[in-house]
Each structure stands twice: as structure tokens, then as C-alpha cells.
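**Student:** Predicted model, plus sequence, below.
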Amino acid sequence: LGPHPSLDTWDFSSPLMSLWINRFYIYLGFAFGISLWICFQIVTRKQDKNSQEKSVPKATQDLMTNGYISLQEKEVFVSGVKIFYGSQTGTAKGFAASLAEAAASLGLPVAVVNLKEYDPDDRLVEEVTSKNVCAFVVATYTDGRPTKSAEWFCQWLEEASSDFRFGKTYLKGMRYAVFGLGNSAYASHFNKVGKNVDKWLWMLGAHRVVTRGEGDCDVAKSKHGSIEADFRAWKTKFLARLQALQKGEKKPCDGNCKRGQCESSAVRSPCPGLAEEEPFESTSEEESGTEDHQNPNSVVDVEDLGKIMNCVKKEKREKEQQEEKRSLVRNTVKNEASERRAMITPALREALTKQGYQLIGSHSGVKLCRWTKACLTFLRSLFLFLNISVLSSHYCLLMSVFYFVFLCVVSIMTPASSCTWQGNNLLSSSFSWNGPALNAIVHS
Ligand SMILES: Cc1cc2nc3c(=O)[nH]c(=O)nc-3n(C[C@H](O)[C@H](O)[C@H](O)COP(=O)(O)O)c2cc1C
């Protein structure tokens, strides 16, 4: 038998020894502290969640402070009207003011917004849930360009509409209408901005509530005799639609849509049997007929609709092929790495990081189960404490071995949730036992 450490060799008065003797109370203190911390975390998270649920979208709050709407038992179908304008010499601005006055007379809260002071990057997505109806009154200038004030808005919208990270549903839920100002003397660029804004919003999944209006400064060619008359005609139509929406009417047709005499051609999925909104090209007043002028040419038979859709699909395919070819050429010239676009948008990155996900590669993330995290933290503290307090004890070695084994097991078996996304769309989200280490290998 080897020599036994005699009790005489222990110094019971040393601080380390007194710590060891009172270890039970220290463990208890640790456990109590951790429990307190966990409780605190749970309570603060719950409070955060509650406050998020209670907060009404900012746009709606703004409208509520004006005293226009009351969120009582009655369901609100339209919470307000936002009129955006892009004007250089003031015509569009005047039209926006006139439209605002008319919309306000329906008892709706109205906001008139100069596109110059509007950042779509931050704010446009608000309209998906705001229950507002957005009207865009935009002028076209030389070479079909927007006014200076609407330049950034148009640029952003154009890029977003062709950026796969935004997807086709980015603005799904937003309701809009467009009135463009132009001069048909500029034949090839007539009303190009109005057409484009309408097209880009549509491509992002927004819901067009009324056909696009086209104001023409050319009195001889103007449909109603002047740009003002064009605007008045469109305004009447817009207000009628607004009233219908206020009442909660979702379908502007009366069931005769088979014959194409309703506004079905302008609205996404408005009638049974017509699953998709007609594409942007055929949505101007002239092409689909106005309220006061029933254009017989605007009648679209269901059989023809198939042809139209095929045509549009074909065009889209051709465009995609062209784009593919172009990008192929670009790729050979430029460095592939610098050319590759990030799969994750900055907003999504921020949101996921806030949620505690660790981003792996470009399209996936992993979040450690918080109980495991807490457990690890606790064990780490305990291990440290034991190391300090019983440096000379053989328990230390035992604890080290135990801790090492535990870490090995945890690194393989840690429960973690992981997610995969493309652009702003979360493709999958799962909870697994294969741990962040394995997830990292799989996804990166
Ligand atoms: C210099 C200039 C260039 C224009 N270019 C176009 C054009 O390319 N296409 C078009 O449809 N209208 C064009 N217009 C017509 C304007 O869109 C029209 O006058 C509009 O009412 C101006 O609106 P605003 O007063 O709100 O700026 C042009 C007008 C000017 C003065």
C-alpha cells in the first residue's frame, strides 16, 4: 500500500480548504444564480414578444393618431391611401393633391409622399401589411427617364424586381395603382416611367387594384382631350374601386368575367377560372378599356387568355436565356468569386443574427439549443471553480477527464436548429441532434 496522506498534512485554516469545506453552499449559490438568470431571460423575452405583438404597423399608427380610423369590432379593409408622386414641373404633384382631396372625402386618411423623400429600401415593404392602397402618380422625361425626384425609387424598384433575392412575392399583399404622365409626341418613350413602375411593382407580387392610367399632354392625341381630363377619368375609376375595397369587395367582377367585360384583366386572380393577373403590358386604360368607354377590343376570351399567357411565358424565357448568355460572357471576363452575389440580404442577415443563428457559408445557419448553451456555461464555470479550489486534489484530474468526455459528446450530439434560405425566403428550418459541427460541414 502506498503512503496515505495524513489528515495532519491538511491545513484546515487555509482559505482554499474553507472553500472546499463550504463547497455545497457555493454550488447552491451558483445554481441559484443560474436559475435566476434563466428566469430573467425568459421574462424579458416574453415581454419583448408581447410588445411586438401589440405594436401596430407604423403607417397605421400614423393614421390612427389623425383620428381617422378606429380599431373596434369592425374590420378595416382599407386603412388609408398613400399617394406617391414624381414630378418636375408640378403637374404630377397637383394631380397627387387633387387625388388626396378626393380620397379624403371618402373618409380615408391620406398621405401624399414626394418620392424624393421616400426610401423604398426601408419602407416599401411596410405596405404589404399596412392595408393601405398606394397610388403612384409619375411623370416621364427625356429618353423615358423618371424625374430627378423619382430616380432612386425607380432604380431601386427596377433592381429589386429583377433580383432573385427579393423574389416574386416580396410585395405580395401590397395594393397599388399607377397614373403616368407623358406626351405621346415622345412616341417610343411615351409614359415609360408609369409603365415601368406598374410593371416592377407587379413583378414583385404587388396587387394592382385598378388599370394603369396614361395622361397625355398632346391634346390632339389625348384620349379624353387633355392630360387633366385623362387624369379625371382615371381618378373616377380609382375612387370607385377604392369605395368597393372599403366595403371589403375583393372581386371587381360580377361573375360575367368569362366575357372579359369586367376589370378582371387588371387584377390578380379576380375571377374564378382566371388564376393570374394579366401581365403589365396590357393594363393601361387604353388597352383594357375605361369605365366610360367600353372598348370591344378589350374583350379577352378565356381561350385567348391561354395564348396570351403562352406568349408572355415565351418572351420571359427568351429574356432569361439572353440574360444567361450575357452573364456567361461576363463570368469569363470577371473573376467568378467577385461576381458571385450573396445569397443572403443584409436585412435577413441581421434578423437571423439577432435570433442567435450563426451563419454558415452563404445559405444556412445554425443555432445552438439554449438549454445546452446554459448547461455548457454552467459546467465551464464549475470546472473552473473546481480547478481553482482543489488544485492539489486528484478530483481535479477526474473532473478534467469528465469534462473532456462531455465536450466530445456535446460537440457531436449538441441539439441545434438550422435553417436554409434563398434571398429573403426561408427554405427550411429544422431541429437536429447532429450538432453545429456536422451542420457546418454539410452546409458550407
Ligand atoms: C424636356 C421634356 C422631356 C419629356 N420627355 C418625355 C418622354 O420621353 N416621354 C413622355 O411620355 N413624356 C415626356 N415629357 C412630357 C412630360 O412627362 C409631361 O409634360 C408631364 O406632364 C410633366 O409632369 P410634371 O409637370 O409633373 O413634371 C417630357 C417633357 C419635357 C418638358
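**Tutor:** Great, that's in hand.
**Student:** Give me the neighbour count for the residue in the chain positioned nearest to the ligand.
**Tutor:** Closest residue of the chain to the ligand, CB to the nearest ligand atom: residue 182 (2.3 Å). Every C-beta, even on glycine, is put in place using the N, C-alpha and C of the backbone. With neighbours defined by other CB atoms under 10 Å, the count for residue 182 comes to 24.
**Student:** got a list of what it touches?
**Tutor:** Counting by CB atoms under 8 Å, 6 or more residues apart in numbering, residue 182 touches 139-140, 189-194, 214-217.
**Student:** Filter those to keep only those in contact with the ligand.
**Tutor:** 139-140, 189-191, 217 (CB under 6 Å from any ligand atom).
**Student:** I'd assumed residue 173 was in a strand, is it?
**Tutor:** No. Going by DSSP: H, G, I helix; E, B strand; the rest coil, the assignment for residue 173 is coil, not a strand.
**Student:** Contact partners for the closest residue to it other than its chain neighbours?
**Tutor:** Distances taken as CB to CB, 6 or more residues apart in numbering place residue 128 nearest to residue 173, at 4.1 Å, with adjacent residues excluded. Residues in contact with residue 128, defined by CB under 8 Å, 6+ apart, are 171-174.
**Student:** can you list those residues in CSV and add pLDDT?
**Tutor:** As requested, the contacts of residue 128 are exported to CSV (pLDDT from 0 to 100):
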residue, pLDDT
171, 94
172, 92
173, 93
174, 95
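**Student:** And those residues, which of them are buried?
**Tutor:** Among the contacts of residue 128, those classed as buried by 16 or more other CB atoms under 10 Å are 171, 174.
**Student:** which of the contacts of residue 128 lies closest to residue 406?
**Tutor:** residue 172 (47.6 Å; CB to CB).
**Student:** Residue 206 is in contact with the closest one, correct?
**Tutor:** Yes. Residue 172 lies in contact with residue 206 (CB atoms under 8 Å); the separation is 7.4 Å.
**Student:** near the ligand, which residues of the stretch 151-300 of the chain?
**Tutor:** Applying CB under 6 Å from any ligand atom, we find that the stretch 151-300 of the chain lies next to the ligand at 181-183, 186, 189-191, 217, 227.
**Student:** Taking these, tell me the two that lie furthest apart.
**Tutor:** Across those (CB to CB), the longest gap, 16.1 Å, separates 189 and 227.
**Student:** Let's see if you can find the most crowded of the ones next to the ligand among the contacts of residue 182.
**Tutor:** Going by other CB under 10 Å, residue 139 tops those with 28 neighbours.
**Student:** Now it: which helix or strand?
**Tutor:** strand 132-141 (DSSP states H and E).
**Student:** can you check residue 85 too?
**Tutor:** strand 80-86.
**Student:** cool, residue 241 as well?
**Tutor:** Applying DSSP H and E, one finds residue 241 within helix 227-246.
**Student:** Counting by contacts, list what that helix packs against.
**Tutor:** Under the contact criterion of 3 or more CB pairs under 8 Å, 6 or more residues apart in numbering; DSSP states H and E, helix 227-246 touches helix 91-104, strand 132-141, strand 175-182, strand 213-216, helix 285-288.
**Student:** Is there proximity between the longest one and the ligand?
**Tutor:** I take that to be helix 91-104. Yes. Using CB under 6 Å from any ligand atom, helix 91-104 reaches the ligand at 91-92.
**Student:** ok, now stretch 75-84?
**Tutor:** No. Contact of stretch 75-84 with the ligand (CB under 6 Å from any ligand atom) is absent, the minimum separation being 12.6 Å.
**Student:** and that stretch, how far apart are its ends?
**Tutor:** Distance across stretch 75-84, first residue to last, is 26 Å (CA to CA, to the nearest Å).
**Student:** can you list the residues that contact that stretch?
**Tutor:** 59-60, 63, 68-69, 96, 99-100, 103, 108-115, 118, 127, 130-138, 153, 242, 245-248.
**Student:** Could you list the buried residues of that stretch?
**Tutor:** Buried residues in stretch 75-84 (16+ other CB under 10 Å): 78-84.
**Student:** And for stretch 233-250?
**Tutor:** Using 16+ other CB under 10 Å as the test for burial, stretch 233-250 gives 233-235, 237-239, 241-242, 244-245.
**Student:** Dump these into CSV; add distance to residue 381 and pLDDT as well.
**Tutor:** Converted to CSV, the buried residues of stretch 233-250 look like this (distance: CB to CB, whole Å; pLDDT from 0 to 100):
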residue, distance to residue 381, pLDDT
233, 75, 96
234, 69, 96
235, 69, 96
237, 70, 95
238, 65, 96
239, 67, 96
241, 64, 95
242, 63, 94
244, 65, 94
245, 60, 94
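**Student:** from these, which two are the most distant?
**Tutor:** Spatially, the most separated pair among the buried residues of stretch 233-250 is 233 and 245, at 19.1 Å (CB to CB).
**Student:** what bridges to the residue of the chain closest to the ligand?
**Tutor:** residue 216 (DSSP bridges).
**Student:** Residue 207 too?
**Tutor:** Going by DSSP bridges, residue 207 forms beta bridges with residue 175.
**Student:** shouldn't it be in contact with residue 134?
**Tutor:** No. Contact criterion CB under 8 Å: residue 207 and residue 134 do not qualify, at 10.2 Å.
**Student:** Who has more neighbours out of the two?
**Tutor:** residue 134 (23 against 20).
**Student:** Does that one touch residue 123 like I think?
**Tutor:** No. Counting by CB under 8 Å, residue 123 is not a contact partner of residue 134; they are 10.9 Å apart.
**Student:** what's the neighbour count on the residue nearest to residue 177 when sequence neighbours are not counted?
**Tutor:** What sits nearest to residue 177 in space, not counting adjacent residues and going by CB to CB, 6+ apart, is residue 210, at 4.5 Å. Using other CB under 10 Å, residue 210 is surrounded by 28 other residues.
**Student:** Same check on residue 358?
**Tutor:** Residues near residue 358, counting by other CB under 10 Å, number 16.
**Student:** same check, this time on residue 184
**Tutor:** Residue 184: 15 surrounding residues under other CB under 10 Å.
**Student:** Please apply the same query to residue 169.
**Tutor:** 13.
**Student:** Could I get the contacting residues of the nearest residue to it once chain neighbours are set aside?
**Tutor:** Of all residues not flanking residue 169 in the chain, residue 205 sits nearest, at 4.3 Å (CB to CB, 6+ apart). Counting by CB under 8 Å, 6+ apart, residue 205 touches 167-174.
**Student:** Tabulate those (TSV), appending distance to residue 41.
**Tutor:** Output for these, formatted as TSV (distance: CB to CB, whole Å):
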residue	distance to residue 41
167	34
168	39
169	35
170	34
171	36
172	35
173	34
174	37
